[in-house]
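*Asks:* Task: produce atomic coordinates for the following.
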Amino acid sequence: MKLLAFAPLGRNKETSRLWIETRRLDALGFPPGMPFSVEAKAEELVLKPAILAENHVSSRATPGGRRPIIDLANQSTLQNLLDYSEIKITGSFERIHICPSRRAAAILRNRSLTLPFRVLEVFAGGGTMTGGFAGDVRFTIEAGIEIESAYADEWQAAHPKAALVQADIRAVETSDLPLFDVLVGGIPCTSHSNLGRAKKALAGCPELGDTGDLFIPVLSLVQDRMPAAVVFENVPAFGTSLAGRVMVTHLERLGYRVSTQVLRPNADWGEIEDRQRWLLVATLERPFELRVPGLRCATPVSAFLDPPDPLRDEADARRIARTIEGLRAHQERHRALGHGFGFTVIHGNETRIPVIPKAYHKINSGPFVQTPWGLRLLRLPEIERIHGFQVGTRHYATGVEILGQGVQTNIFKTVFGQLGDWLVASRGAQPVS
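*Replies:* This next block holds a predicted model:
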């Protein structure tokens with residue numbers, strides 16, 4: 001017979017106490033009344049039956065007999081375990097081994113982190129989120145996980161010293177990943193966005209979509225490694241979905257303090273593109289509180305656009321002119337039917353523009369830029385300025401896809417800056433000597 005249990009150290013009159021109560025102790029050679037020795041090592045205890053010893057197995061009367069109990073309250077004996085929130089108890093015949101659980105060891109380790117904090121990014125895309133760490137010497141990018149080849153190449157080029165795992169996260173074993181202190185990622189939203197739910201008939205059950213279950217391996221990774229901080233983002237609907245609520249509840253049960261909110265880029269962060277997102281920040285022991293600037297965007301979109309160029313503007317407008325005609329005709333048909341179909345046209349003085357989607361390059365929605373020769377698409381450098389992130393590729397479609405499904409990097413520079421302050425202050429992190 002084997003014994004395996006996880007439990008916190010108990011408390012009795014303000015002192016710590018190890019309490020093991022199970023009938024299995026009898027079968028393991030620890031019956032009621034049996035003396036046992038305690039061998040204390042660095043961060044573990046080994047209990048063995050003995051002929052003469054200070055400690056004895058006690059018991060409790062229960063229906064059907066007495067249940068053995070091991071009760072250790074000697075603070076000197078327990079000294080090396082007192083800082084751990086949870087212990088692991090393993091038993092075989094005439095031997096019980098007590099040590100910190102892996103989760104407790106991770107929690108204690110995170111109390112005394114050293115700079116720089118090591119970052120792992122899941123669903124790394126082209127690196128728009130880790131771009132928020134750029135220039136902050138308190139963080140170093142250790143690794144990323146990304147399944148799409150084009151995005152993985154882009155991410156690796158931005159972080160040549162980091163390890164890139166190109167795989168479905170469901171297939172990744174945590175033993176394949178390096179050590180990390182901070183876990184970040186934008187869980188794919190294609191099953192949770194309003195458009196995704198409609199296209200895939202997932203109303204009421206987005207978790208059943210092809211990406212709807214990806215929060216499960218993410219939670220497994222957190223549970224296995226217990227990083228000091230976890231940062232995830234998604235569409236606002238994710239926060240109220242079953243997946244979002246399970247994430248919050250599970251992280252809290254693991255011992256995290258969880259903070260969530262919906263980011264309003266245009267109203268609160270001074271961003272021209274109003275890409276609203278659900279943000280989760282989970283930290284151990286003490287909660288993290290994000291300070292929102294509360295600044296409405298006052299910068300006109302013209303500040304992000306290229307200067308007028310008659311030759312180029314005319315060529316760009318002519319290139320998509322027939323497609324725009326088709327969109328306008330489609331718009332008129334829907335308007336006649338009482339539908340709200342339309343697209344946004346940018347004139348230059350707007351201080352708010354809608355989301356530039358991943359499929360923007362397919363010219364099936366706006367926003368489009370008004371020129372004297374007609375409408376044109378936003379150019380890649382313009383979208384980069386709007387997002388606060390420059391992709392390495394000059395391939396238009398790939399760049400648009402990376403930015404269109406990425407985050408607004410400037411916002412996450414602020415988020416990660418505040419998180420870095422929090423980690424340094426709460427963990428007493430010191431530079432590596």
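
*Asks:* Show me which residues of stretch 275-291 are buried.
*Replies:* 275, 277-284, 288 (16 or more other C-beta atoms under 10 Å). (Each C-beta comes from the backbone N, C-alpha and C, glycine too.)

*Asks:* quick check, nearest of the residues you listed to residue 28?
*Replies:* residue 284 (33.9 Å; C-beta to C-beta).

*Asks:* isn't the closest one right next to residue 113, touching?
*Replies:* No: applying C-beta atoms under 8 Å, one finds residue 284 not in contact with residue 113, separated by 10.7 Å.

*Asks:* Next, show the common contact partners of the two.
*Replies:* Here residue 284 and residue 113 have residue 228 as joint contacts, going by C-beta atoms under 8 Å, 6 or more residues apart in numbering.

*Asks:* ok, for residue 300, nearest residue in space, not its chain neighbours?
*Replies:* residue 349 (5.2 Å; C-beta to C-beta, 6 or more residues apart in numbering).

*Asks:* ah, wrong one, I meant residue 388
*Replies:* Nearest non-adjacent residue to residue 388 (C-beta to C-beta, 6+ apart): residue 410, at 3.7 Å.

*Asks:* Which strand or helix spans that neighbour?
*Replies:* helix 409-427 (DSSP states H and E).

*Asks:* centre of the chain versus that helix, how much separation?
*Replies:* In terms of C-alpha atoms, centre = their mean, to the nearest Å, the centre of helix 409-427 is found 14 Å from the chain centre.

*Asks:* Mind giving me the packing neighbours of that helix?
*Replies:* Packing contacts for helix 409-427, counted by 3 or more C-beta pairs under 8 Å, 6 or more residues apart in numbering; DSSP states H and E, involve strand 229-234, strand 277-284.

*Asks:* Compare those and report which one is nearest to residue 33.
*Replies:* Nearest to residue 33, of the helices and strands packed on helix 409-427 and by C-beta to C-beta, is strand 277-284 at 41.6 Å.

*Asks:* Show me what the mean pLDDT comes to for that closest one.
*Replies:* Mean pLDDT, strand 277-284: 96.

*Asks:* what comes into contact with that strand?
*Replies:* 107, 110, 222, 226, 228-239, 244, 247-248, 251, 255-263, 265, 288, 290, 407, 415, 419, 422, 426.

*Asks:* just checking, next helix/strand downstream of it?
*Replies:* Next element after strand 277-284 (DSSP H and E): helix 310-319.

*Asks:* Show me what that next one packs onto, helices and strands only.
*Replies:* So helix 310-319, by 3+ C-beta pairs under 8 Å, 6+ apart, packs with strand 368-371, strand 374-376.

*Asks:* tell me the mean pLDDT over the helix or strand that it is followed by?
*Replies:* Using DSSP H and E, the next helix or strand after helix 310-319 towards the C-terminus is helix 321-336. Regarding helix 321-336, the rounded mean pLDDT is 84.

*Asks:* Ok, stretch 164-175 next?
*Replies:* The model assigns stretch 164-175 a mean pLDDT of 94.

*Asks:* which residues sit against that stretch?
*Replies:* 122-124, 143-147, 149, 152, 155-156, 176-177, 214, 217-218, 220-221, 224-225.

*Asks:* If we use 10 Å, what do you get?
*Replies:* 120-124, 143-149, 151-153, 155-157, 176-178, 185, 187-188, 213-214, 216-218, 220-225 (C-beta atoms under 10 Å, 6 or more residues apart in numbering).

*Asks:* From the residues you listed, keep the buried residues only.
*Replies:* 120-124, 143-148, 151-153, 155-156, 177, 185, 187-188, 214, 216-218, 221-223, 225.

*Asks:* returning to what we had before: ok, of the contacts of strand 277-284, which come out buried?
*Replies:* Buried, going by 16+ other C-beta under 10 Å: 107, 110, 222, 226, 228-239, 244, 247-248, 251, 255-256, 258, 260-261, 263, 265, 288, 407, 415, 419, 422, 426, out of the contacts of strand 277-284.

*Asks:* what does the model give the spatially closest residue to residue 402 that is not a sequence neighbour for pLDDT?
*Replies:* The spatially closest residue to residue 402, leaving aside those adjacent along the chain, is residue 126, at 3.4 Å (C-beta to C-beta, 6+ apart). If you check residue 126, the pLDDT there is 95.

*Asks:* Could you report the neighbour count for residue 126?
*Replies:* 28 (other C-beta atoms under 10 Å).

*Asks:* Could you do residue 349 as well?
*Replies:* By other C-beta under 10 Å, neighbour count at residue 349 equals 8.

*Asks:* OK, contacts around it?
*Replies:* Going by C-beta under 10 Å, 6+ apart, the list of residues near residue 349 reads 300-302.

*Asks:* mind showing which ranges of the stretch 101-250 of the chain have poor pLDDT?
*Replies:* Along the stretch 101-250 of the chain, the parts satisfying pLDDT under 70 run over 189-211.

*Asks:* Oops, could you answer that again for the stretch 301-433 of the chain instead?
*Replies:* 338-341, 427-433.

*Asks:* try it again with 90
*Replies:* In the predicted model of the stretch 301-433 of the chain, residues 327-344, 363-366, 426-433 satisfy pLDDT under 90.

*Asks:* Doesn't residue 245 lie inside a strand?
*Replies:* No: using DSSP: H, G, I helix; E, B strand; the rest coil, the secondary structure at residue 245 is helix, not a strand.
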